[in-house]
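**Q** I need the structure of the sequence given here:
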Amino acid sequence: MAFKLTYSDGQESQHGDDTVWELDDGVLKLGREKGKWSVLLSPSHWAVLEIGGANDGDSKGDSDDDSDNKDKKDSGDSKDDDKDDDDKDD
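**A** A predicted model of the protein is given here:
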């Protein structure tokens, strides 16, 4: 199941369905196969685990789309300003 991991320093990482995880006395174990852990995180290094909060980057894609739309609005505003300036010159 996809999840989002927030570290104690505030950094976030998204993990898809291909990452397996398990909690063992507060230690977060991550890997590609259950029982074959490649990453062990102590309780002091991670803060929040949001299950189902990520779908292989969909959440990142949404935030990227929002920033792209903002950029488009900003660039659109400058084009409108140019048109207004042209109208004033006539």
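**Q** got any ranges where this protein has weak pLDDT?
**A** 53-90 (pLDDT under 70).
**Q** Would you map the helices across it?
**A** Using DSSP state H, the helices of the chain run over residues 58-89.
**Q** need the contact list for the closest residue to G26 other than its chain neighbours.
**A** Sequence neighbours aside, P43 is the residue nearest to G26 in space, at 3.6 Å (criterion: Cβ to Cβ, 6 or more residues apart in numbering). Glycine gets a C-beta too; all of them are placed from N, C-alpha and C. P43 makes contacts with 26-28, as judged by Cβ atoms under 8 Å, 6 or more residues apart in numbering.
**Q** who wins for most neighbours among those residues?
**A** Among the contacts of P43, L28 has the most neighbours (other Cβ atoms under 10 Å), with 18 neighbours.
**Q** Give me the number of neighbouring residues for the nearest residue to it once chain neighbours are set aside.
**A** Nearest in space to L28, with sequence neighbours left out and distances taken as Cβ to Cβ, 6+ apart, is L41 at 4.3 Å. L41: 18 surrounding residues under other Cβ under 10 Å.
**Q** so L41 touches G31, yeah?
**A** No: the criterion here is Cβ atoms under 8 Å, and L41 misses it with G31 at 11.8 Å.
**Q** Distance of the nearest residue to T19 once chain neighbours are set aside relative to S42?
**A** Spatial nearest neighbour of T19, excluding adjacent residues (Cβ to Cβ, 6+ apart): L30 at 6.0 Å. According to Cβ to Cβ, to the nearest Å, L30 stands 13 Å off from S42.
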